[in-house]
Each structure stands twice: as structure tokens, then as C-alpha cells.
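Peer 1: could you look at this predicted model? Sequence included:
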Amino acid sequence: GTRTMREHLRFAVCYWHTFCNAGHDPFGPGTRAFGWERGDTPLARAEARLDAAFEFFTKLDVPYYCFHDVDLAPDADDINEYRDNLAHMVAAAKQRQRDTGVKLLWGTANLFSHPRYMNGAATNPDFAVVARAAVQVKAALDATVELGGENYVFWGGREGYASLLNTDMRRELDHFARFLGMARDYGRSIGFTGNFLIEPKPMEPMKHQYDFDSATVAGFLQRHGLAGDFKLNIEANHATLSGHTFEHDLQVASDHGLLGSIDANRGNPQNGWDTDQFPTDLYDTVGAMLVVLRQGGLAPGGLNFDAKARRESTAPEDLFEAHIGGMDAFARGLEVAHALLADSPLERWRAERYSSFDSGSGKAFAEGGLDLAALAAKAGELGEPQQRSGRQERYENLLNQYLVR
Ligand code: ASO
């Protein structure tokens, strides 16, 4: 029903692409005019951008948005100026949230753009940089709580290395865990009850990123005792960069009880870099929503469009169409995933594949009731196993039938 649709389609618009990226890439400057870039001071321009952003959210009728500290507010090297700018913009955003009913899905700190972070933020070999990163994370946590943010994200943009020759990886990862634990303790102390989310990505901008993929981060969180408070924010294009499919990394996160939220863009396996395209691939969205529905939803996480309109998309309406297309793709994906689970034989077929573990010695094995010698003895009783077809084509055909219904 419609209620279920709304519960699972917790869409968010991201501030950094939609309102801060005019189409620039490493090879050239932006191609579109924002139109709202007016005002004599950085703060005045940030306010004009905020007005445009909330007008966009409202026209699009999205429930949520996400931001970094320094895309909402002007950055400053002076710590007090940085804090004042952010506090000023948080107050303005709070008023817009009240006026419109638009909510904050998550906040975060940008610890990757400023040159001071070129060797990392929490994993930087220079303690002064680690301390400076704490200024931003503390302020961004304050901002997130003030705005009622439901999650807080860490994408470790420069947390990684370019060469192991100059890097003590173990030491940097210990510092990373220490820093994350401090952020958690601070967040809890100021009343943040949502999830902290680590966003994996295997490469770019660093040659090797520490938060490589779901499995890597799951191991890291468990090793450092962080898994109770931290979950994962899985991005489609990051999953494909690590050689996985989107649905694979979602499933791994979910199986660890760690799937917290999704950065909804398009994982294009043809690309060796992160293109942040809007999601339009229905196989991707069906696969994603199957994982989400099987785990019972994403809340308090959601579907954040961490995506930018193409550089050659320069008309103002392109930004609307891009988001609408993304929402349609996930809504269709949800409908198909729901139907596959509710009225197709998919779940029955899957359960039947494992039915030899439902009773007798198969069940005893699964529940830990056999030792290796007893297990080997069962082989004698059961005889040579029959070949059982995986019937992959049958499942793929079923999915296609539901896609075109
Ligand atoms: C921008 C990155 C994205 C991440 C976001 C949050 O492109 O992957 O989700 O910042 O820091």
C-alpha cells in the first residue's frame, strides 16, 4: 500500500551536488549557472543558496535533505569564524525546516576538500590535523542534533594512503577507531540517538581507502567495538568500484546487521571512477529494495541522491527531472521487489533449496549439534549427493516477468 511505499522511500536531496556543483569536473569548470548565487558576502550567498534549496525540496516534495558543514555554511581557517558561520546557517536552516516540514536525514563534516586534509583527517600522521578535524566533527554533530538529524555520516574521503612505504596502516586505523569512538561519545552526550554511518569506498581520492567495502568496514567496526552505534551508508557507485554489485554490498552490510542507509546513485560497472549518476537502472533498484524489504526497512536511514546532473545537463529543469527519475526508479524497484516477495514463488524456491537443513541431521548440523566426525559419518548414510540445479535462469526470468507486468 501507499503507507508501505512512503515508509520505504525516505528520499533525500544532497546539498553538495545539487546546490554546489555547477558541472565542474577535473577537466573543466562548471557549465550551468546556479541562478541563486547573489549577495556580497559568503554568508549572504549561503543564505541565498539555502532559500533556493528549500524551494527545490518543497517543489520536489522530498521529505529529507543531507549536508556537509561547509556546503551549508562558508568554510574558514579561523576556528571561531568557521563555528560562527555554521551556527548562523544552522539557525537559518532550522527556521526553513519549521516552515516547510522538510527534515534532515543526516549531517556530516567535509574532512577531504581542504588542503590540510591531504594526508587524511582522523588518520593523518600529524596530530595537529587530527585535532583540527575534531573541530569540524564536533561542530557538525552539534549542527545535526540542533536540526533533528536522524543519522550522522562519516565518508572517509582522505582516510587512506597513497603508499605503504610511508604509512603505518595499523597505527592510522587505531587512530581512526579512537577518533570515531570519541565522536560517538560526544554525540551521545549531546543527545544524538540516531545511527552513526560509515560510508565505504575503495579508492578515489586516495589510492587505497581504509573503508574499502562493507566486509572491510564490518571487520573494522567489530574489532574496535564500534558496531553497536555505527552502521553503514552504502553507495551504489562505491560498491561497483570495489568490484561488487550494489546489491552485493547491501546484502553483506545487511547480513552483518549493519545496513543503515543508502546513497542512491547508479553503480555503473563500465566506469573505473565515481560518476555519481542518478539511478535509473531498474535491476539495481529491484536488487536494492529486495535487500531492504528482507531486513524490514531502512529507517532511520533513507535513500539519499548522492548524484549530480551531467555536465551537459544545463537547463534548470534537468535537476528536477534527474531527481524525479531517481525517485521513479526506486519506487518501481520497490513495487517489483514487494511483488516478488509477496506473490511470486521466489521465497518458496529459495527456501526449498535449503530444505535439507530443515530437519534431521541437516538441522542438527546447522544448530551446532554435530562434530566433524559425526558429520562425515552422515555421508556414508546419505550416499553420493545428487546434482541439484541452481536454476539461476528461472529466477532471472521471474524477475523480468515482474518488471514488465
Ligand atoms: C561527498 C561524496 C559522497 C559522500 C558525501 C558525504 O561524494 O560519497 O556521501 O560526500 O561525505
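Peer 2: Arrived safely. Residues are numbered from 1 along each chain as shown.

Peer 1: contacts and neighbour counts: CA atoms only from here.
Peer 2: Will do.

Peer 1: low pLDDT regions in this structure?
Peer 2: Under the criterion pLDDT under 70, the flagged ranges of the chain are 1-3, 269.

Peer 1: now do the most centrally placed residue in it against residue 153, distance only.
Peer 2: Against the mean C-alpha coordinate of the chain, by C-alpha atoms, centre = their mean, the closest residue is residue 233 at 2.8 Å. Residue 233 sits 8 Å away from residue 153, going by C-alpha to C-alpha, to the nearest Å.

Peer 1: re the thing from before, you'd agree the residue nearest to the centre of the chain is in a strand?
Peer 2: Yes: following the definition DSSP: H, G, I helix; E, B strand; the rest coil, residue 233 is counted among the residues of a strand.

Peer 1: check contacts around the residue lying closest to residue 340 once chain neighbours are set aside.
Peer 2: Spatially, and ignoring its direct neighbours in sequence, residue 340 is nearest to residue 346 (6.3 Å; C-alpha to C-alpha, 6 or more residues apart in numbering). With contacts defined as C-alpha atoms under 8 Å, 6 or more residues apart in numbering, residue 346 is in contact with 340, 395, 398.

Peer 1: where do the strands sit along the stretch 101-250 of the chain?
Peer 2: For the stretch 101-250 of the chain, strands defined by DSSP state E, counting those that start in this stretch occupy the ranges 103-108, 151-155, 160-161, 195-199, 208-209, 230-235.

Peer 1: neighbouring strands for the fourth one, and are they parallel or not?
Peer 2: According to DSSP bridges, strand 195-199 forms sheet pairs with strand 151-155 (parallel), strand 230-235 (parallel).

Peer 1: distance of residue 306 relative to residue 262?
Peer 2: In terms of C-alpha to C-alpha, residue 306 sits 9 Å off from residue 262.

Peer 1: actually residue 374, not the one I typed
Peer 2: 44 Å.

Peer 1: of those two, who's got more company?
Peer 2: Neighbours per residue, other C-alpha atoms under 10 Å: of residue 374 and residue 262, the larger number sits with residue 262, 24 against 12.

Peer 1: quick one: buried residues of the strand or helix carrying the more buried one?
Peer 2: Element membership of residue 262 [criterion: DSSP states H and E] is strand 259-263. Judged by neighbour count (16 or more other C-alpha atoms under 10 Å), strand 259-263 contains these buried residues: 259, 260, 261, 262, 263.

Peer 1: distance to residue 209 for those - can I get that in JSON lines?
Peer 2: Converted to JSON lines, the buried residues of strand 259-263 look like this (distance: C-alpha to C-alpha, whole Å):
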{"residue": "259", "distance to residue 209": "20"}
{"residue": "260", "distance to residue 209": "20"}
{"residue": "261", "distance to residue 209": "20"}
{"residue": "262", "distance to residue 209": "19"}
{"residue": "263", "distance to residue 209": "18"}
